[in-house]
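Trainee: Just to be clear, the model below is a prediction. Sequence and coordinates:
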Amino acid sequence: MKPPATPTRSATLRARLFAFGALGALVSAIAYAGHTTYEVATDSFVAPIILTPGNELVVQSKVKLGELSVEHARTRAEAEGIDADIAADEKAVTRLTYLRATAEKGLAWTSGVTGRQFDTGGQDLRTLANQNTLLLEMVKKQADLVRETKANTDAGLIPRADYSHELQALSQMQLSLLENQRQRTQVEAITREAALQRMSLASASGAPRMPEALMREDQLVRIDLELLHAEADLRLKRAEQRIEHDKLDKIEDLEKQLEARPLFRAIDKRLDVAFVPYTQIDGVHTGAIVYDCTWGVFHCKSVGRVAEVVPGEVVLPDPWGNQARGQFAVLDLTNRESARAKTLRVRSTSGAVGGAPAATPQVVSVR
């Protein structure tokens, strides 16, 4: 029996090289698997969405924005109408206040005129009384002169013409006395009326109210009622103005929020976005690199970057098909076909630890 053949040196070398090669391949595979596992664990998985003007979500957003624009225009028109009503009420209040002050001054003016009439009447009565006394003395003296002249005429001492002249002078004096009495009667009536008016304006006990005072009081009551109505309407309109302007501010704020959302930007042109669940949000920030991988794990290649993380919360299916809460991220893709993938991966750039902080979410359910 022949002894077994001893392996040659070349065969041994080939076996060792094969073993080293297999070991190296195994180590490389383990390293690749470890690196891939690390990247899978540290990368963020997002669900890409292609938003176009015909997308159902975009159309719904456009309809909502149109309704909001109509409500905005209607609210602004109502606010402008209320502003005009307020301006008219303010003008009415100003004019009524001035008219009331004028009416009150008119009563004081009437009281002053009445007082002056009473004082003037008293002076006229004293003057007429003095005049009456003087006229009575003159009439008495003229009557004596007429009797003396008549006696002289009857005695033939003086012509009858002198007697006639003195008689005529007596008649004129008597006429003046009658005129004085008539004037005294008129002035007494005027003075008595002024006295009653003074008592009425002074609201003396038992004094009847003069018609002018009653009319002025009626006018003041009407003015006060109109003033109260205008002031109440002004307060109501100002409250409505505050409500309408608050509503306008809220509508404008909501419009700004809608216009900032990707759904609004996609009304006119295509927009590539990704839904980022909150469980994957830490690594997603502006400038982060976007990768497209086979089966979401192997053969990853860079296809773009994250252009913006949009504030505001949305509810959509996550990369694994489950409903989840998260945010939109706008993508700037060099290969736009990658947006058709089921899942993309986002890797934080160097120096961005944990990515940029996300804005405080606002809940907006998109279905």
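Mentor: Arrived safely, thanks for sending.
Trainee: And the helices in the stretch 1-150 of the chain, which stretches?
Mentor: Residue ranges of the helices in the stretch 1-150 of the chain, as given by DSSP state H, counting those that start in this stretch, are 9-42, 56-154.
Trainee: what about A143, how many residues close to it?
Mentor: Neighbours of A143 under the rule other C-beta atoms under 10 Å: 15. All C-beta atoms are positioned from the backbone trio N, CA, C, and that covers glycine.
Trainee: Repeat that for the one 3 residues further on.
Mentor: Counted with other C-beta under 10 Å, the burial measure for V146 works out to 18 neighbours.
Trainee: Might one say that it is in contact with M173?
Mentor: No. Assessed by C-beta atoms under 8 Å, V146 is found out of contact with M173, at 10.4 Å.
Trainee: pLDDT-wise, which helix or strand of this structure ranks last?
Mentor: Ranked by mean pLDDT, DSSP states H and E, the weakest helix or strand in the chain is helix 9-42, scoring a mean of 66.
Trainee: now the helix or strand where L196 lies: mean pLDDT?
Mentor: Taking DSSP states H and E as the definition, one finds L196 inside helix 160-201. Helix 160-201 carries an average pLDDT of 82.
Trainee: Name the next helix or strand downstream of that helix, please.
Mentor: Counting by DSSP H and E, the element after helix 160-201 in chain order, helix or strand, is helix 211-260.
Trainee: these two touch, right, F264 and E255?
Mentor: No. Counting by C-beta under 8 Å, F264 sits too far from E255 to count as a contact (9.4 Å).
Trainee: what touches both of these two?
Mentor: Common neighbours of F264 and E255, using C-beta atoms under 8 Å, 6 or more residues apart in numbering, are L65.
Trainee: In terms of neighbours, single out the busier of these two.
Mentor: More neighbours surround F264 than the other of F264 and E255, with 19 against 16 (other C-beta under 10 Å).
Trainee: what's the closest non-adjacent residue to the more buried one?
Mentor: L258 (5.4 Å; C-beta to C-beta, 6 or more residues apart in numbering).
Trainee: ok, now how distant is the one you found from S171?
Mentor: From L258 across to S171, the span is 109 Å (C-beta to C-beta, to the nearest Å).
Trainee: which one of the two has more residues nearby?
Mentor: A count of neighbours by other C-beta under 10 Å puts L258 above the other of L258 and S171, at 17 against 13.
Trainee: who touches that one in this structure?
Mentor: Going by C-beta under 8 Å, 6+ apart, the list of residues near L258 reads S61, K64, L65, L68, F264.
Trainee: hang on, isn't the third one packed against L263?
Mentor: Put plainly, it is L65. No. Using C-beta under 8 Å as the test, L65 is too far from L263 to be in contact (9.1 Å).
Trainee: For those two, indicate the residue with more neighbours.
Mentor: The neighbour count for L65 versus L263, taken as other C-beta under 10 Å, is higher for L263 (26 against 19).
Trainee: For the closest residue to V58 other than its chain neighbours, grab phi and psi.
Mentor: Sequence neighbours aside, A266 is the residue nearest to V58 in space, at 4.7 Å (criterion: C-beta to C-beta, 6+ apart). With angles defined as degrees, to the nearest 10, A266 sits at phi -80, psi 0.
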